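Student: sharing a model that was predicted from the sequence below.
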Number of protein chains: 2
Amino acid sequence: MARRAQIVAAARTCVVEQGFHKTTMADVIRESGLSAGAVYGYFKSKEEIVAAIAEEALGTVDELFEKILTTEHPLTPLAALEAALNHAVTIAERPGGDVTRVAVQAWAEALHNPAILDIAGGKYLLLREHFEDVVRRAQADGTVDPDTDPKYIAQVMFGMLPGFVLQRLLIGDVTPDTYTAGLKALFRA
Amino acid sequence: MARRAQIVAAARTCVVEQGFHKTTMADVIRESGLSAGAVYGYFKSKEEIVAAIAEEALGTVDELFEKILTTEHPLTPLAALEAALNHAVTIAERPGGDVTRVAVQAWAEALHNPAILDIAGGKYLLLREHFEDVVRRAQADGTVDPDTDPKYIAQVMFGMLPGFVLQRLLIGDVTPDTYTAGLKALFRA
DNA sequence: TTGTCAAGAACGGACATTCGTTTTATGTTC
DNA sequence: GAACATAAAACGAATGTCCGTTCTTGACAA
(Lines give C-alpha, C1' and ligand atoms only; values in the text may rest on other atoms or scores of the structure.)
Protein backbone atom coordinates (compact mmCIF):
# COMPACT_ATOMS: atom_id res chain seq x y z
CA MET A 1 0.00 0.00 0.00
CA ALA A 2 2.95 2.27 0.66
CA ARG A 3 4.26 1.28 -2.75
CA ARG A 4 0.95 2.12 -4.33
CA ALA A 5 0.99 5.58 -2.77
CA GLN A 6 4.58 6.00 -3.89
CA ILE A 7 3.59 5.28 -7.48
CA VAL A 8 0.59 7.60 -7.39
CA ALA A 9 2.73 10.38 -5.93
CA ALA A 10 5.31 9.93 -8.65
CA ALA A 11 2.66 9.90 -11.33
CA ARG A 12 1.04 13.01 -9.91
CA THR A 13 4.33 14.85 -10.09
CA CYS A 14 4.66 13.90 -13.75
CA VAL A 15 1.08 14.81 -14.57
CA VAL A 16 1.37 18.21 -12.91
CA GLU A 17 4.40 18.93 -15.06
CA GLN A 18 3.33 17.38 -18.34
CA GLY A 19 -0.35 16.47 -18.30
CA PHE A 20 -1.94 13.05 -18.58
CA HIS A 21 -1.02 12.32 -22.14
CA LYS A 22 2.54 13.54 -22.31
CA THR A 23 3.58 11.60 -19.23
CA THR A 24 4.83 8.24 -20.31
CA MET A 25 5.02 5.12 -18.24
CA ALA A 26 8.77 5.49 -18.47
CA ASP A 27 8.43 8.85 -16.73
CA VAL A 28 6.34 7.42 -13.94
CA ILE A 29 8.69 4.48 -13.57
CA ARG A 30 11.74 6.72 -13.37
CA GLU A 31 10.10 9.16 -10.96
CA SER A 32 8.88 6.39 -8.68
CA GLY A 33 12.32 4.86 -8.45
CA LEU A 34 10.85 1.47 -9.24
CA SER A 35 10.91 -0.74 -12.29
CA ALA A 36 8.34 -1.31 -14.98
CA GLY A 37 7.52 -4.71 -13.62
CA ALA A 38 7.02 -3.38 -10.12
CA VAL A 39 4.69 -0.62 -11.25
CA TYR A 40 2.62 -3.02 -13.30
CA GLY A 41 2.40 -5.22 -10.28
CA TYR A 42 0.34 -2.55 -8.53
CA PHE A 43 -1.57 -1.10 -11.47
CA LYS A 44 -3.01 -2.99 -14.40
CA SER A 45 -2.54 -0.14 -16.85
CA LYS A 46 -1.70 3.51 -17.29
CA GLU A 47 -5.39 4.26 -17.35
CA GLU A 48 -5.73 2.85 -13.86
CA ILE A 49 -3.01 5.14 -12.59
CA VAL A 50 -4.66 8.11 -14.26
CA ALA A 51 -7.94 7.26 -12.57
CA ALA A 52 -6.20 7.03 -9.20
CA ILE A 53 -4.63 10.47 -9.63
CA ALA A 54 -7.88 12.01 -10.79
CA GLU A 55 -9.79 10.56 -7.88
CA GLU A 56 -7.23 11.90 -5.44
CA ALA A 57 -7.16 15.35 -7.03
CA LEU A 58 -10.92 15.78 -7.31
CA GLY A 59 -11.42 14.50 -3.80
CA THR A 60 -9.33 17.17 -2.12
CA VAL A 61 -12.09 19.74 -2.45
CA ASP A 62 -14.34 17.80 -0.15
CA GLU A 63 -11.93 18.08 2.75
CA LEU A 64 -13.13 21.62 3.19
CA PHE A 65 -16.67 20.86 4.13
CA GLU A 66 -15.77 18.33 6.72
CA LYS A 67 -14.32 21.21 8.68
CA ILE A 68 -16.55 24.09 7.66
CA LEU A 69 -19.98 22.54 7.77
CA THR A 70 -19.57 21.08 11.23
CA THR A 71 -17.81 23.92 13.03
CA GLU A 72 -18.87 27.34 11.83
CA HIS A 73 -22.58 27.80 12.39
CA PRO A 74 -24.29 29.57 10.69
CA LEU A 75 -22.52 30.11 7.41
CA THR A 76 -23.54 32.66 4.82
CA PRO A 77 -23.05 31.75 1.14
CA LEU A 78 -20.41 34.44 0.90
CA ALA A 79 -18.46 33.05 3.85
CA ALA A 80 -18.72 29.53 2.45
CA LEU A 81 -17.38 30.69 -0.90
CA GLU A 82 -14.60 32.62 0.74
CA ALA A 83 -13.60 29.52 2.66
CA ALA A 84 -13.76 27.42 -0.50
CA LEU A 85 -11.50 29.81 -2.41
CA ASN A 86 -8.97 29.89 0.37
CA HIS A 87 -9.07 26.13 0.60
CA ALA A 88 -8.49 25.82 -3.12
CA VAL A 89 -5.34 27.92 -2.89
CA THR A 90 -4.18 26.01 0.15
CA ILE A 91 -4.37 22.63 -1.52
CA ALA A 92 -2.88 24.07 -4.69
CA GLU A 93 0.21 25.14 -2.79
CA ARG A 94 0.68 21.90 -0.94
CA PRO A 95 3.96 20.12 -1.61
CA GLY A 96 3.78 17.42 -4.23
CA GLY A 97 2.51 19.62 -7.05
CA ASP A 98 -0.51 21.82 -7.68
CA VAL A 99 -3.48 19.46 -7.63
CA THR A 100 -5.71 22.00 -9.32
CA ARG A 101 -3.67 21.39 -12.44
CA VAL A 102 -4.56 17.74 -12.20
CA ALA A 103 -8.19 18.71 -11.77
CA VAL A 104 -8.19 20.69 -15.01
CA GLN A 105 -6.65 17.71 -16.78
CA ALA A 106 -9.38 15.55 -15.32
CA TRP A 107 -12.12 17.85 -16.67
CA ALA A 108 -10.83 17.38 -20.17
CA GLU A 109 -10.29 13.68 -19.71
CA ALA A 110 -13.80 13.19 -18.34
CA LEU A 111 -15.27 14.24 -21.66
CA HIS A 112 -13.96 11.12 -23.36
CA ASN A 113 -13.25 8.69 -20.55
CA PRO A 114 -16.31 7.25 -18.80
CA ALA A 115 -14.35 6.14 -15.74
CA ILE A 116 -13.08 9.66 -15.13
CA LEU A 117 -16.49 11.11 -15.88
CA ASP A 118 -17.96 8.95 -13.13
CA ILE A 119 -15.35 10.10 -10.66
CA ALA A 120 -15.69 13.77 -11.54
CA GLY A 121 -19.46 13.72 -11.68
CA GLY A 122 -19.70 11.91 -8.38
CA LYS A 123 -17.27 14.10 -6.47
CA TYR A 124 -18.74 17.29 -7.81
CA LEU A 125 -22.31 16.33 -7.10
CA LEU A 126 -21.25 15.66 -3.54
CA LEU A 127 -19.59 19.03 -3.30
CA ARG A 128 -22.64 20.73 -4.68
CA GLU A 129 -24.81 19.08 -2.10
CA HIS A 130 -22.64 20.56 0.58
CA PHE A 131 -23.24 23.99 -0.88
CA GLU A 132 -26.91 23.16 -0.94
CA ASP A 133 -26.80 22.54 2.80
CA VAL A 134 -25.26 25.94 3.30
CA VAL A 135 -27.97 27.51 1.20
CA ARG A 136 -30.76 25.81 3.10
CA ARG A 137 -29.43 27.13 6.36
CA ALA A 138 -29.16 30.63 4.93
CA GLN A 139 -32.72 30.35 3.70
CA ALA A 140 -33.85 29.32 7.14
CA ASP A 141 -32.03 32.32 8.58
CA GLY A 142 -33.68 34.59 6.08
CA THR A 143 -30.30 35.57 4.61
CA VAL A 144 -31.24 34.11 1.25
CA ASP A 145 -34.51 34.20 -0.66
CA PRO A 146 -36.38 31.07 0.48
CA ASP A 147 -38.45 30.85 -2.71
CA THR A 148 -35.58 29.89 -4.97
CA ASP A 149 -34.70 26.21 -5.31
CA PRO A 150 -31.53 25.76 -3.22
CA LYS A 151 -30.21 23.46 -5.90
CA TYR A 152 -30.03 26.30 -8.38
CA ILE A 153 -28.21 28.51 -5.92
CA ALA A 154 -25.77 25.71 -5.15
CA GLN A 155 -25.11 25.28 -8.87
CA VAL A 156 -24.02 28.88 -9.12
CA MET A 157 -21.93 28.76 -5.97
CA PHE A 158 -20.15 25.60 -7.02
CA GLY A 159 -19.79 27.06 -10.48
CA MET A 160 -17.59 29.85 -9.22
CA LEU A 161 -14.78 27.51 -8.27
CA PRO A 162 -13.75 26.27 -11.73
CA GLY A 163 -13.61 29.84 -12.96
CA PHE A 164 -11.42 30.87 -10.08
CA VAL A 165 -9.07 27.94 -10.52
CA LEU A 166 -8.86 28.51 -14.24
CA GLN A 167 -8.10 32.19 -13.98
CA ARG A 168 -5.51 31.51 -11.35
CA LEU A 169 -3.74 29.00 -13.58
CA LEU A 170 -4.15 30.63 -16.99
CA ILE A 171 -3.99 34.33 -16.15
CA GLY A 172 -2.69 34.38 -12.63
CA ASP A 173 -4.13 37.63 -11.33
CA VAL A 174 -6.86 36.34 -9.06
CA THR A 175 -6.61 35.67 -5.34
CA PRO A 176 -9.25 34.81 -2.78
CA ASP A 177 -9.11 38.46 -1.75
CA THR A 178 -9.80 39.96 -5.17
CA TYR A 179 -12.50 37.41 -5.74
CA THR A 180 -14.14 38.01 -2.40
CA ALA A 181 -14.14 41.74 -3.08
CA GLY A 182 -15.87 41.15 -6.40
CA LEU A 183 -18.36 38.80 -4.81
CA LYS A 184 -19.27 41.26 -2.11
CA ALA A 185 -19.93 43.98 -4.65
CA LEU A 186 -22.12 41.71 -6.77
CA PHE A 187 -24.08 40.28 -3.86
CA ARG A 188 -25.16 43.76 -2.80
CA ALA A 189 -26.30 44.88 -6.23
CA MET B 1 -8.27 28.93 -47.76
CA ALA B 2 -11.41 26.87 -48.25
CA ARG B 3 -9.23 23.81 -47.90
CA ARG B 4 -7.79 25.14 -44.67
CA ALA B 5 -11.25 25.66 -43.24
CA GLN B 6 -12.23 22.20 -44.43
CA ILE B 7 -9.32 20.69 -42.52
CA VAL B 8 -10.02 22.67 -39.36
CA ALA B 9 -13.68 21.66 -39.47
CA ALA B 10 -12.74 18.02 -39.86
CA ALA B 11 -10.24 18.24 -37.05
CA ARG B 12 -12.78 19.96 -34.81
CA THR B 13 -15.23 17.14 -35.36
CA CYS B 14 -12.59 14.64 -34.33
CA VAL B 15 -11.51 16.65 -31.30
CA VAL B 16 -15.07 17.06 -30.07
CA GLU B 17 -15.49 13.31 -30.22
CA GLN B 18 -12.11 12.17 -28.96
CA GLY B 19 -10.12 15.05 -27.53
CA PHE B 20 -6.83 16.50 -28.71
CA HIS B 21 -4.62 13.59 -27.92
CA LYS B 22 -6.71 10.68 -29.03
CA THR B 23 -7.40 12.15 -32.44
CA THR B 24 -4.73 10.97 -34.80
CA MET B 25 -3.66 12.62 -37.99
CA ALA B 26 -5.13 9.62 -39.74
CA ASP B 27 -8.50 10.55 -38.22
CA VAL B 28 -8.26 14.13 -39.40
CA ILE B 29 -7.13 13.02 -42.83
CA ARG B 30 -10.00 10.58 -43.18
CA GLU B 31 -12.60 13.03 -41.85
CA SER B 32 -11.41 15.80 -44.15
CA GLY B 33 -11.62 13.58 -47.19
CA LEU B 34 -8.13 14.65 -48.21
CA SER B 35 -4.79 12.91 -48.15
CA ALA B 36 -1.87 13.15 -45.79
CA GLY B 37 0.12 15.12 -48.31
CA ALA B 38 -2.69 17.59 -48.82
CA VAL B 39 -3.23 18.19 -45.11
CA TYR B 40 0.47 18.71 -44.52
CA GLY B 41 0.46 21.18 -47.36
CA TYR B 42 -1.75 23.48 -45.31
CA PHE B 43 -0.47 22.79 -41.81
CA LYS B 44 3.09 22.22 -40.77
CA SER B 45 2.18 19.88 -37.93
CA LYS B 46 -0.57 18.47 -35.78
CA GLU B 47 0.24 21.08 -33.17
CA GLU B 48 -0.56 23.81 -35.65
CA ILE B 49 -3.97 22.29 -36.32
CA VAL B 50 -4.64 22.01 -32.62
CA ALA B 51 -3.79 25.69 -32.18
CA ALA B 52 -6.15 26.63 -34.99
CA ILE B 53 -9.03 24.71 -33.41
CA ALA B 54 -8.34 26.15 -29.99
CA GLU B 55 -8.22 29.69 -31.34
CA GLU B 56 -11.49 29.17 -33.13
CA ALA B 57 -13.20 27.62 -30.12
CA LEU B 58 -12.02 30.17 -27.57
CA GLY B 59 -12.86 33.02 -29.90
CA THR B 60 -16.55 32.21 -30.21
CA VAL B 61 -17.26 33.69 -26.79
CA ASP B 62 -16.32 37.14 -27.97
CA GLU B 63 -19.02 37.21 -30.62
CA LEU B 64 -21.48 37.89 -27.85
CA PHE B 65 -20.15 41.25 -26.81
CA GLU B 66 -20.04 42.63 -30.29
CA LYS B 67 -23.81 42.44 -30.21
CA ILE B 68 -24.59 43.05 -26.56
CA LEU B 69 -22.24 45.87 -25.68
CA THR B 70 -23.25 48.04 -28.62
CA THR B 71 -27.01 47.55 -28.61
CA GLU B 72 -28.49 47.11 -25.18
CA HIS B 73 -27.79 50.19 -23.05
CA PRO B 74 -27.55 50.08 -20.09
CA LEU B 75 -26.77 46.54 -19.10
CA THR B 76 -26.84 45.22 -15.55
CA PRO B 77 -24.28 42.59 -14.57
CA LEU B 78 -27.10 40.12 -14.18
CA ALA B 79 -28.42 40.78 -17.68
CA ALA B 80 -24.92 40.52 -19.13
CA LEU B 81 -24.38 37.19 -17.44
CA GLU B 82 -27.75 35.93 -18.56
CA ALA B 83 -26.88 36.85 -22.14
CA ALA B 84 -23.48 35.18 -21.83
CA LEU B 85 -25.00 31.94 -20.56
CA ASN B 86 -27.53 31.85 -23.35
CA HIS B 87 -24.84 32.58 -25.87
CA ALA B 88 -22.71 29.76 -24.51
CA VAL B 89 -25.53 27.29 -25.01
CA THR B 90 -26.25 28.66 -28.45
CA ILE B 91 -22.72 28.17 -29.71
CA ALA B 92 -22.55 24.80 -28.01
CA GLU B 93 -25.52 23.61 -30.01
CA ARG B 94 -24.33 24.88 -33.34
CA PRO B 95 -23.80 22.23 -36.00
CA GLY B 96 -20.23 21.02 -36.33
CA GLY B 97 -19.85 19.84 -32.77
CA ASP B 98 -20.04 21.37 -29.29
CA VAL B 99 -17.23 23.93 -29.20
CA THR B 100 -17.39 24.14 -25.42
CA ARG B 101 -15.92 20.67 -25.41
CA VAL B 102 -13.01 21.97 -27.40
CA ALA B 103 -12.65 24.83 -24.94
CA VAL B 104 -12.31 22.45 -22.02
CA GLN B 105 -9.65 20.55 -23.94
CA ALA B 106 -7.89 23.83 -24.55
CA TRP B 107 -7.86 24.68 -20.83
CA ALA B 108 -5.99 21.48 -20.09
CA GLU B 109 -3.70 21.89 -23.05
CA ALA B 110 -2.85 25.46 -22.08
CA LEU B 111 -1.22 24.25 -18.89
CA HIS B 112 1.59 22.59 -20.82
CA ASN B 113 1.56 24.22 -24.25
CA PRO B 114 2.73 27.83 -24.33
CA ALA B 115 1.11 28.53 -27.71
CA ILE B 116 -2.31 27.51 -26.41
CA LEU B 117 -1.73 29.35 -23.17
CA ASP B 118 -1.13 32.54 -25.14
CA ILE B 119 -4.32 32.06 -27.11
CA ALA B 120 -6.43 31.23 -24.07
CA GLY B 121 -4.94 33.96 -21.90
CA GLY B 122 -5.38 36.55 -24.62
CA LYS B 123 -8.95 35.68 -25.52
CA TYR B 124 -10.05 35.46 -21.93
CA LEU B 125 -8.44 38.73 -20.91
CA LEU B 126 -10.32 40.36 -23.74
CA LEU B 127 -13.56 38.82 -22.60
CA ARG B 128 -12.96 39.95 -19.07
CA GLU B 129 -12.38 43.49 -20.23
CA HIS B 130 -15.78 43.42 -21.83
CA PHE B 131 -17.30 42.43 -18.53
CA GLU B 132 -15.33 45.25 -16.97
CA ASP B 133 -17.02 47.71 -19.33
CA VAL B 134 -20.38 46.42 -18.23
CA VAL B 135 -19.40 46.84 -14.60
CA ARG B 136 -18.19 50.40 -15.11
CA ARG B 137 -21.48 51.37 -16.63
CA ALA B 138 -23.37 49.77 -13.78
CA GLN B 139 -21.20 51.62 -11.33
CA ALA B 140 -21.95 54.88 -13.13
CA ASP B 141 -25.64 54.05 -12.90
CA GLY B 142 -25.34 53.33 -9.22
CA THR B 143 -26.47 49.73 -9.75
CA VAL B 144 -23.14 48.42 -8.45
CA ASP B 145 -20.96 49.59 -5.61
CA PRO B 146 -18.58 52.14 -7.16
CA ASP B 147 -15.87 51.64 -4.55
CA THR B 148 -14.94 48.15 -5.66
CA ASP B 149 -12.32 47.78 -8.38
CA PRO B 150 -14.32 46.84 -11.52
CA LYS B 151 -11.57 44.41 -12.42
CA TYR B 152 -12.35 42.29 -9.40
CA ILE B 153 -16.02 42.24 -10.23
CA ALA B 154 -15.25 41.31 -13.81
CA GLN B 155 -13.09 38.43 -12.60
CA VAL B 156 -16.03 36.99 -10.73
CA MET B 157 -18.47 37.51 -13.58
CA PHE B 158 -16.17 35.92 -16.11
CA GLY B 159 -15.42 33.19 -13.62
CA MET B 160 -19.01 32.01 -13.67
CA LEU B 161 -18.80 30.84 -17.26
CA PRO B 162 -16.30 27.98 -16.90
CA GLY B 163 -18.31 26.59 -14.03
CA PHE B 164 -21.50 26.71 -16.04
CA VAL B 165 -19.91 25.07 -19.05
CA LEU B 166 -18.32 22.39 -16.92
CA GLN B 167 -21.49 21.49 -15.06
CA ARG B 168 -23.38 21.40 -18.31
CA LEU B 169 -20.89 18.95 -19.80
CA LEU B 170 -20.04 16.80 -16.78
CA ILE B 171 -23.32 16.73 -14.88
CA GLY B 172 -25.84 18.08 -17.36
CA ASP B 173 -28.46 19.53 -15.07
CA VAL B 174 -27.78 23.24 -15.54
CA THR B 175 -29.48 25.56 -17.98
CA PRO B 176 -29.33 29.32 -18.37
CA ASP B 177 -32.67 29.41 -16.58
CA THR B 178 -31.61 27.49 -13.47
CA TYR B 179 -28.42 29.46 -13.34
CA THR B 180 -30.16 32.79 -13.71
CA ALA B 181 -32.55 31.85 -10.92
CA GLY B 182 -29.62 31.04 -8.68
CA LEU B 183 -27.87 34.25 -9.60
CA LYS B 184 -30.90 36.38 -8.82
CA ALA B 185 -31.24 34.83 -5.41
CA LEU B 186 -27.58 35.38 -4.58
CA PHE B 187 -27.44 38.93 -5.88
CA ARG B 188 -30.23 39.95 -3.53
CA ALA B 189 -28.72 38.40 -0.45
C1' DT C 1 5.96 21.90 -71.06
C1' DT C 2 5.90 23.58 -66.58
C1' DG C 3 4.07 24.46 -62.17
C1' DT C 4 0.67 23.35 -58.61
C1' DC C 5 -1.69 20.33 -55.85
C1' DA C 6 -3.07 15.89 -54.16
C1' DA C 7 -2.28 11.01 -53.32
C1' DG C 8 -0.86 7.33 -50.24
C1' DA C 9 2.76 4.06 -49.40
C1' DA C 10 6.69 3.92 -46.49
C1' DC C 11 9.71 5.36 -42.53
C1' DG C 12 11.50 6.06 -38.11
C1' DG C 13 10.63 6.76 -33.52
C1' DA C 14 8.07 6.36 -29.33
C1' DC C 15 5.13 4.11 -26.34
C1' DA C 16 2.55 0.72 -23.26
C1' DT C 17 3.01 -3.64 -21.84
C1' DT C 18 5.02 -8.32 -21.12
C1' DC C 19 7.83 -11.93 -19.24
C1' DG C 20 11.90 -14.61 -18.05
C1' DT C 21 15.23 -13.73 -14.63
C1' DT C 22 17.16 -12.11 -10.32
C1' DT C 23 16.95 -10.38 -5.86
C1' DT C 24 14.93 -9.99 -1.34
C1' DA C 25 12.16 -11.57 2.40
C1' DT C 26 10.07 -15.34 5.14
C1' DG C 27 9.85 -19.49 7.24
C1' DT C 28 11.71 -24.27 8.38
C1' DT C 29 14.76 -27.85 9.70
C1' DC C 30 18.71 -29.70 11.91
C1' DG D 1 22.39 -20.06 14.45
C1' DA D 2 23.50 -21.93 10.02
C1' DA D 3 21.79 -23.86 5.85
C1' DC D 4 18.27 -24.46 2.95
C1' DA D 5 13.47 -24.08 0.71
C1' DT D 6 9.69 -21.36 -0.80
C1' DA D 7 7.27 -17.42 -1.96
C1' DA D 8 6.91 -12.62 -3.12
C1' DA D 9 8.60 -8.61 -5.14
C1' DA D 10 11.33 -6.16 -8.31
C1' DC D 11 14.02 -5.86 -12.42
C1' DG D 12 14.72 -4.34 -17.24
C1' DA D 13 15.51 -5.76 -21.85
C1' DA D 14 12.56 -7.17 -25.58
C1' DT D 15 8.20 -6.77 -28.34
C1' DG D 16 4.79 -5.32 -31.34
C1' DT D 17 1.81 -1.66 -32.34
C1' DC D 18 0.64 2.88 -33.44
C1' DC D 19 1.39 7.51 -35.06
C1' DG D 20 3.28 11.85 -36.99
C1' DT D 21 5.62 13.06 -40.85
C1' DT D 22 7.99 12.68 -45.36
C1' DC D 23 8.64 11.88 -50.08
C1' DT D 24 8.08 9.92 -54.44
C1' DT D 25 4.71 9.58 -57.92
C1' DG D 26 0.85 10.98 -60.66
C1' DA D 27 -2.99 14.04 -62.33
C1' DC D 28 -4.55 18.25 -64.06
C1' DA D 29 -4.40 23.23 -65.40
C1' DA D 30 -2.23 27.09 -67.61
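Tutor: Cool, the structure landed. Numbers count the residues shown, from 1 in each chain, chains lettered A, B, ... in the order given.
Student: and the helices in chain A?
Tutor: A:2-22, A:25-32, A:36-42, A:46-71, A:77-92, A:99-110, A:114-141, A:150-170, A:176-187 (DSSP state H).
Student: residue A:92 contacts residue A:99, correct?
Tutor: Yes - using CB atoms under 8 Å, residue A:92 is in contact with residue A:99, at 6.5 Å. In this view, the C-beta of every residue, glycine as well, is placed from N, C-alpha and C.
Student: okay, those two: which has more neighbours?
Tutor: A direct count of neighbours by other CB atoms under 10 Å in any protein chain shown for residue A:92 and residue A:99 places residue A:99 higher, at 24 against 17.
Student: tell me the confidence at that one?
Tutor: On pLDDT, residue A:99 comes in at 96.
Student: wait, isn't it in contact with residue A:55?
Tutor: No - Residue A:99 is beyond contact range of residue A:55, at 11.4 Å (criterion: CB under 8 Å).
Student: point out the residues in chain A that sit beside DNA strand D.
Tutor: Taking CB under 7 Å from any atom of the strand as the measure of proximity, chain A contacts DNA strand D at A:3, A:33-38, A:40-42.
Student: and those near DNA strand C, which?
Tutor: Intersecting those with the contacts of DNA strand C gives A:36-37, A:40 (criterion: CB under 7 Å from any atom of the strand).
Student: the one helix or strand in chain A whose mean pLDDT sits lowest near DNA strand C at all?
Tutor: Least confident element among the helices and strands of chain A, by mean pLDDT, DSSP states H and E: helix A:46-71 (a mean of 88). Yes - Helix A:46-71 lies within reach of DNA strand C by CB under 7 Å from any atom of the strand, at A:46-47.
Student: could you pull up the residues touching residue A:184?
Tutor: A:78, B:145, B:148 (CB atoms under 8 Å, 6 or more residues apart in numbering or on different chains).
Student: measure how buried residue A:150 is and give me the count.
Tutor: For residue A:150, using other CB under 10 Å, the count is 22.
Student: pretty sure it sits against residue A:140.
Tutor: No - using CB under 8 Å as the test, residue A:150 is too far from residue A:140 to be in contact (10.4 Å).
Student: buried ones in stretch A:126-136, by neighbour count?
Tutor: A:127-128, A:130-132, A:134-135 (16 or more other CB atoms under 10 Å in any protein chain shown).
Student: equivalent analysis for stretch A:108-117, please.
Tutor: Buried-residue list, stretch A:108-117, by 16+ other CB under 10 Å: A:108-113, A:116-117.
Student: gap between residue A:162 and DNA strand D?
Tutor: 28 Å (CB to the nearest atom of the strand, to the nearest Å).
Student: wait, that residue touches residue B:160, no?
Tutor: No - here residue A:162 does not reach residue B:160: they are 9.3 Å apart, not a contact under CB under 8 Å.
Student: these two - which one has more neighbours?
Tutor: Shown here are residue A:162 and residue B:160; by other CB under 10 Å, residue A:162 has more neighbours (26 against 22).
Student: what's near enough to touch that one?
Tutor: Contacts of residue A:162 by CB under 8 Å, 6+ apart are A:107, B:159, B:162-163, B:166.
Student: do the same with residue A:28
Tutor: Applying CB under 8 Å, 6+ apart, the residues near residue A:28 are A:7, A:10-11, A:14, A:39, A:46, A:49.
Student: of those residues, closest to DNA strand C?
Tutor: Nearest to DNA strand C out of the contacts of residue A:28 is residue A:46 (CB to the nearest atom of the strand; 3.6 Å).
Student: the closest one - nearest residue in space that isn't next to it in sequence?
Tutor: Closest residue to residue A:46 apart from its sequence neighbours, by CB to CB, 6 or more residues apart in numbering or on different chains: residue A:25 at 5.7 Å.
Student: contacts only, for that neighbour.
Tutor: Residues counted as contacts of residue A:25 (CB under 8 Å, 6+ apart) are A:36, A:39, A:46.
Student: by neighbours, which of these wins?
Tutor: Ranking the contacts of residue A:25 using other CB under 10 Å puts residue A:39 first, with 21 neighbours.
Student: wait, it sits on residue A:7?
Tutor: Yes - counting by CB under 8 Å, residue A:7 is a contact partner of residue A:39 at 5.8 Å.
Student: tell me who's in contact with residue A:82.
Tutor: Contacts of residue A:82 (CB under 8 Å, 6+ apart): A:176, A:180, A:183.
Student: next one: residue A:91
Tutor: Counting by CB under 8 Å, 6+ apart, residue A:91 makes contact with A:60-61, A:63, A:99-100.
Student: again with residue A:128
Tutor: Contact analysis of residue A:128 by CB under 8 Å, 6+ apart lists A:151, A:154-155, A:158.
Student: same thing but at 10 Å, please
Tutor: A:151, A:154-155, A:157-159, B:167, B:171, B:173 (CB atoms under 10 Å, 6 or more residues apart in numbering or on different chains).
Student: any chance of those residues in TSV with pLDDT and neighbour count as columns?
Tutor: Shown next, in TSV, are the contacts of residue A:128 (pLDDT from 0 to 100; neighbours: other CB atoms under 10 Å in any protein chain shown):
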residue	pLDDT	neighbour count
A:151	98	17
A:154	98	22
A:155	98	25
A:157	97	25
A:158	97	26
A:159	98	25
B:167	98	23
B:171	98	17
B:173	96	12
